[in-house]
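Novice: need the 3D shape of this:
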Amino acid sequence: MDGFTGDGRETFYSVIRRQGITRRSFHKFCSLTAASLGLGPLTASKIAHALETKPRVPVIWLHGLECTCCSESFIRSAHPLIKDALLSMISLDYDHMIMAAAGHQAEAILEETRAKYKGGYVLAVEGNPPLNEDGMFCIDGGKPFVEKLTSMAEEAMAIVAWGTCASWGCVQAAQPNPTGAVPIDKVITNRQIIKVPGCPPVAEVMSSLVTFITTFGKLPELDRQGRPSMFYSERIHDKCYRRSHFDAGQFVEEWDDTNARKGYCLYKMGCKGPTTYNACSALRWNGGVSFPIQSGHGCLGCSEDSFWDKGSFYDRLTTIKQFGIEENADEIGMAAAGVVGLTVAAHAAVTALNRLTHRPDLRADKGKPS
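Specialist: Residues are numbered from 1 along each chain as shown. Okay, the predicted model is just below:
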């Protein structure tokens, strides 16, 4: 194969081979990607075939109100390919944060990409549009960002909301929200939005989503909120290695106390893991090395809607219901102590009964005629 498709576009595989990536590393990447997608081993060969034969997907990456943490996460994906190879998976035709072009030249590239790949490009959106003052709080290319966003969404094959800013609004939309910032689905109402929340999202979640779209040419299964089910179907709490301590009622009471050193559950310290849906505890960060809870800090719930407006990061959740128990952590502990007390009392009662039964001198019928 020459590495080009019928329309003259280069494939992902030919790009990475030119960069010195071995075929062994390529297949390792495909296998790990299939695993991270929750797909069977046979899917790895389908991913490899697609990346060898299909053209790179054109991507237009727009930036609204945000801090670029999603971009920082994306280029640090820890798959066995270097970041440059990962970016070669897509044809990143426009991203004003990292492209060499600027000003009128950059805007010309944007319009050229839109016209050339009409209905065939992915619109990736990082950040959100402010609506107050006719969108004047975010000007991009001489016009309000909201105008550019709605215009580029019209011809996109798929629209991805990178991060909590684009998905839910994040800190920009937190009260009192003076700019009127909103998630992108508030202005793009006639299209399905793939939401990939997180502040930022896990790098491998982002790269795996791109690989899925490239391989199968369709959107992944989404939950009712528009998030990829393969990564957002379980709570961080469900796969947390401290979960056994939660179930046992063993909690950190103060930072750096004895329980903290023992690795007990951080729920009482405000951990939002029981109400947060994300893949942090499964995929972890920095190449699977760690995640916030493993470093000793509770989950902030950054991938959930309005997490900035739900009180302090260290306020404890008080409505967690687990295994049918409706009390909070303190009440659960008290109930457990009560059960222990009842068990001790029951044991004492049984012991007394046995003594009464087996000692003739203590029997109530002693001295009565037989």
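
Novice: only C-alpha atoms from now on, for both contacts and neighbour counts.
Specialist: Noted.

Novice: mind checking the SS state of Ser207?
Specialist: At Ser207 the chain is in helix, as set by DSSP: H, G, I helix; E, B strand; the rest coil.

Novice: so it makes contact with Arg76?
Specialist: No. When contacts are counted by Cα atoms under 8 Å, Ser207 is not listed as touching Arg76 (9.8 Å).

Novice: out of the two, which sits in the busier spot?
Specialist: Ser207 (22 against 19; other Cα atoms under 10 Å).

Novice: check the spacing between the more buried one and Gly301 real quick.
Specialist: Distance from Ser207 to Gly301, counting by Cα to Cα, to the nearest Å: 22 Å.

Novice: ditto for Met97
Specialist: Met97 sits 27 Å away from Gly301, taking Cα to Cα as the criterion.

Novice: of those two, who's got more company?
Specialist: Using other Cα under 10 Å, the more surrounded residue of Met97 and Gly301 is Gly301, with 23 against 13.

Novice: and that one, that one's in a strand?
Specialist: No. Gly301 is assigned coil when assessed by three-state DSSP, not a strand.

Novice: pLDDT wise, what is it at?
Specialist: On pLDDT, Gly301 comes in at 95.

Novice: likewise Gly341?
Specialist: 50.

Novice: what segments of the stretch 1-150 of the chain are strands?
Specialist: Applying DSSP state E, counting those that start in this stretch to the stretch 1-150 of the chain gives strands spanning 57-63, 90-94, 122-126, 139-140, 143-144.

Novice: nearest to Val15, of those?
Specialist: For the strands of the stretch 1-150 of the chain, proximity to Val15 was assessed by Cα to Cα; strand 90-94 is nearest, at 10.3 Å.

Novice: what mean pLDDT does the closest one get?
Specialist: 85.

Novice: next, the buried residues of stretch 98-111.
Specialist: By neighbour count with 16 or more other Cα atoms under 10 Å, stretch 98-111 contains the buried residues 106-107, 109-110.

Novice: closest to Val15 out of those?
Specialist: For the buried residues of stretch 98-111, the minimum distance to Val15 (Cα to Cα) is 21.2 Å, reached by Ile109.

Novice: next, the contact list for the closest one, please.
Specialist: By Cα atoms under 8 Å, 6 or more residues apart in numbering, the residues touching Ile109 are 93-94.

Novice: okay, and which of the buried residues of stretch 98-111 map to helices?
Specialist: Under the assignment DSSP state H, these contribute 106-107, 109-110 to helices.

Novice: next, format the residues you listed as JSON lines and append pLDDT and distance to Gly273.
Specialist: Formatted as JSON lines, these follow (pLDDT from 0 to 100; distance: Cα to Cα, whole Å):
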{"residue": "Ala106", "pLDDT": "90", "distance to Gly273": "42"}
{"residue": "Glu107", "pLDDT": "91", "distance to Gly273": "42"}
{"residue": "Ile109", "pLDDT": "91", "distance to Gly273": "42"}
{"residue": "Leu110", "pLDDT": "91", "distance to Gly273": "40"}
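
Novice: any weak-confidence spans in the protein?
Specialist: The model of the chain has pLDDT under 70 over residues 1-8, 78-87, 319, 321-370.

Novice: in it, which residue is closest to the centre?
Specialist: Nearest to the geometric centre of the chain sits Asn278, at 3.6 Å (Cα atoms, centre = their mean).

Novice: just give the number of residues close to the spatially closest residue to that one that is not a sequence neighbour.
Specialist: Of all residues not flanking Asn278 in the chain, Tyr232 sits nearest, at 4.8 Å (Cα to Cα, 6 or more residues apart in numbering). For Tyr232, the neighbour count with other Cα under 10 Å is 22.

Novice: tell me how many other residues surround Phe313.
Specialist: With other Cα under 10 Å as criterion, Phe313 counts 18.

Novice: go on, Pro183?
Specialist: The burial count for Pro183: 22, using other Cα under 10 Å.

Novice: do the same with Leu32
Specialist: A count of nearby residues for Leu32, using other Cα under 10 Å, gives 17.
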